[in-house]
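Return atomic coordinates for the entry below.
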Amino acid sequence: MDRFWKSPVHICLVGALVLSAGVHSLVEMTSGWIQGNGTLDLGVLLVFIGLGLLRGSNLQRSLFGGLLALALVASFIIMVVSFFSGSISGQGSGVYLILSVVFFFLLLAYLFGVLWSARGDEWFAQKYSGKAPPYVIPVTVVISLFSSVGGEMEGYNRRVALAKVFRYEVELLAVDANTGEFIEYGSISSGRRSIVDLELPEPMQTGGSSYRGGDVGWLLEGFADEPFEVNLSYDGYQSQSVKIDRSTGNRVEVRMFPLKKK
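Numbering: from 1, shown residues only. Predicted coordinates for the structure are as follows:
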């Protein structure tokens with residue numbers, strides 16, 4: 001079991017995880033600065049810690065092991081608190097929090113166990129020189145960069161898509177173009193495109209129309225990410241379309257022209 005913790009595979013994995021987390025923080029911070037809302041992310045320090053771990057620095061292992069020990073104590077306290085709060089409240093979110101903290105605690109325990117067993121160990125130093133193979137660092141950096149940049153691009157595209165979303169709440173009233181009287185009991189169809197792919201909350205994904213009951217007209221409400229047309233049809237009248245976009249008012253009267261009698 002002791003040799004299990006001292007396996008070079010585990011040391012490489014720990015160093016690669018730390019280095020990968022640092023690269024992700026670096027890419028995320030750079031992306032934020034490019035977009036004009038960047039902040040200083042101390043997670044970039046994990047790049048140097050990960051490099052030190054993979055290069056066999058006993059000082060880095062000792063210092064990072066100490067940080068992990070503090071993180072283990074903190075996560076254990078959070079785990080206990082979240083367990084009792086989740087048990088008392090009985091909410092699903094509380095259970096999810098407990099599972100997340102337990103997973104994080106086990107991950108920290110694994111990292112700490114590997115570093116604690118490998119620190120200053122003569123057998124490990126003699127057999128493996130205390131270092132990861134040369135290809136581990138470049139492979140880790142390349143994979144982390146591709147993954148992080150791809151994630152940032154996906155997040156940026158989603159933010160751009162969400163910025164196009166607008167809410168509409170429009171009352172459509174059909175009036176006779178000749179007499180100006182309101183027309184009742186027609187049909188309506190919409191060319192609204194589904195926005196389910198944007199992963200919006202359920203209320204924002206749906207949209208529809210309803211007849212106003214005793215009042216004349218239609219009430220349209222929902223969310224859309226691009227302008228769309230609504231078609232109104234009434235017996236004895238030509239069909240009319242109305243464009244719904246950001247500038248559409250809350251009340252629109254549609255003039256319906258009677259069909260010419262043959």
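
drop to CA atoms for contacts and neighbour counts, all remaining ones
Noted.

quick one: the helices in the protein?
2-5, 8-34, 45-54, 58-89, 92-118, 122-128, 136-163, 202-205 (DSSP state H).

now these in TSV, with mean neighbour count and mean pLDDT?
Converted to TSV, those look like this (neighbours: other C-alpha atoms under 10 Å; pLDDT from 0 to 100):
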stretch	mean neighbour count	mean pLDDT
helix 2-5	12	52
helix 8-34	20	83
helix 45-54	21	81
helix 58-89	16	70
helix 92-118	17	72
helix 122-128	13	55
helix 136-163	14	85
helix 202-205	12	59
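
Those helices: which one's closest to F223?
F223 lies closest to helix 202-205 among these, at 5.6 Å (C-alpha to C-alpha).

For A69, which non-adjacent residue is closest in space?
Closest residue to A69 apart from its sequence neighbours, by C-alpha to C-alpha, 6 or more residues apart in numbering: F112 at 7.0 Å.

same question but for D41, I mixed them up
M29 (6.3 Å).

Then G15?
G50 (4.8 Å).

Now do the contacts for the one you found.
G50 is in contact with G15, A16, L17, V18, L19, S20, G22, counting by C-alpha atoms under 8 Å, 6 or more residues apart in numbering.

Is the fourth one in contact with L45, as I believe?
What it means is V18. No: with contact taken as C-alpha atoms under 8 Å, V18 and L45 are classed as non-touching, separated by 9.7 Å.

Next, G236: phi, psi?
Recorded main-chain torsions at G236 are phi 90, psi 10, according to degrees, to the nearest 10.

what's the burial count for it?
For G236, the count of nearby residues is 12 (other C-alpha atoms under 10 Å).

In this protein, which strand is the longest?
Criterion DSSP state E: the longest strand present in the chain is strand 166-176.

What residues sit buried inside that strand?
Buried residues in strand 166-176, defined by neighbour count with 16 or more other C-alpha atoms under 10 Å: Y168, E169, V170, E171, L172, L173, A174, V175, D176.

could you say what helices and strands it packs with?
strand 218-224, strand 251-256 (3 or more C-alpha pairs under 8 Å, 6 or more residues apart in numbering; DSSP states H and E).

Would you mind finding the most buried of these?
Comparing the helices and strands packed on strand 166-176 by mean neighbour count (mean count of other C-alpha atoms under 10 Å), strand 218-224 ranks first with a mean of 20.

Sheet partners, orientation included, of that one?
Paired neighbours of strand 218-224 in the sheet (DSSP bridges): strand 166-176 (antiparallel), strand 208-211 (antiparallel).

Worst mean pLDDT among these?
Lowest mean pLDDT within the strands paired with strand 218-224: strand 208-211, at a mean of 55.

ok so, going back, the longest strand of the chain: how far from the chain's middle?
Chain-centre distance of strand 166-176: 33 Å, with C-alpha atoms, centre = their mean, to the nearest Å.
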